[in-house]
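Engineer: Quick one: sequence and predicted model below, then my questions.
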Amino acid sequence: MVQKIDENSQQLALALKTGVPIVIAILQKFPFVTGHIGELPDRRYAVIVDEAHSSQSGQEAVKMKAVLAAPRIKEQTEIATRINDENNAALKEAAILSSSIALLREYRSALISAAVTGQLDIRQHQKQLEALA
């Protein structure tokens with residue numbers, strides 16, 4: 001259930017790969033994890049970092065926290081794919097809307113032109129509108 005890592009990074013790697021649920025190790029053993037996190041099995045890990053001096057709040061601790069908190073590579077790829085697909089769909093919808101707006105503007109200009117030049121008798125349409133009201 002709990003394994004203390006007191007030998008080397010390979011011991012840490014083996015513990016993580018074989019699914020030891022709780023690992024106790026010094027922070028200096030974790031550079032292995034930052035380089036190989038994508039190769040580890042997809043499970044949850046509880047890690048206790050035993051560090052008595054000030055390096056615990058330094059860059060290595062920050063890196064380790066980021067690695068442990070980040071989604072797995074597979075999950076990151078799925079998220080990126082989903083975002084890309086949704087973005088592409090939104091771009092297609094935006095293109096359709098832009099095309100529709102341009103077409104409506106053309107229709108409006110043609111209608112105004114037809115009304116001004118007498119090609120369209122708007123009095124007839126006015127009577128239809130009054131009848132509906």
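Structural biologist: Yep, that arrived.

Engineer: where along the protein do the strands fall?
Structural biologist: Counting by DSSP state E, one finds strands in the chain at the ranges 2-4, 22-25, 46-49.

Engineer: what mean pLDDT does the first one have?
Structural biologist: In this model, strand 2-4 has an average pLDDT of 84.

Engineer: which residues touch that strand?
Structural biologist: Residues from elsewhere that reach strand 2-4 (C-beta atoms under 8 Å, 6 or more residues apart in numbering): 15, 20, 21, 22, 23, 24, 25. Glycine gets a C-beta too; all of them are placed from N, C-alpha and C.

Engineer: Just the buried ones from these, in ChimeraX syntax?
Structural biologist: One line in ChimeraX is enough to select the buried ones among the contacts of strand 2-4; burial here means 16 or more other C-beta atoms under 10 Å:
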select :15,20,23,24,25
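
Engineer: The contacts of strand 2-4: which two are farthest apart?
Structural biologist: Using C-beta to C-beta, the contacts of strand 2-4 span at most 13.9 Å, a distance reached by 21 and 25.

Engineer: can you list the domain ranges for the chain.
Structural biologist: 2-69, 73-132 (automatic domain parsing).

Engineer: Pass me the low-pLDDT residue ranges in this structure, would you?
Structural biologist: Where the chain drops to pLDDT under 70, the residues are 31-58, 60-61, 63-72.
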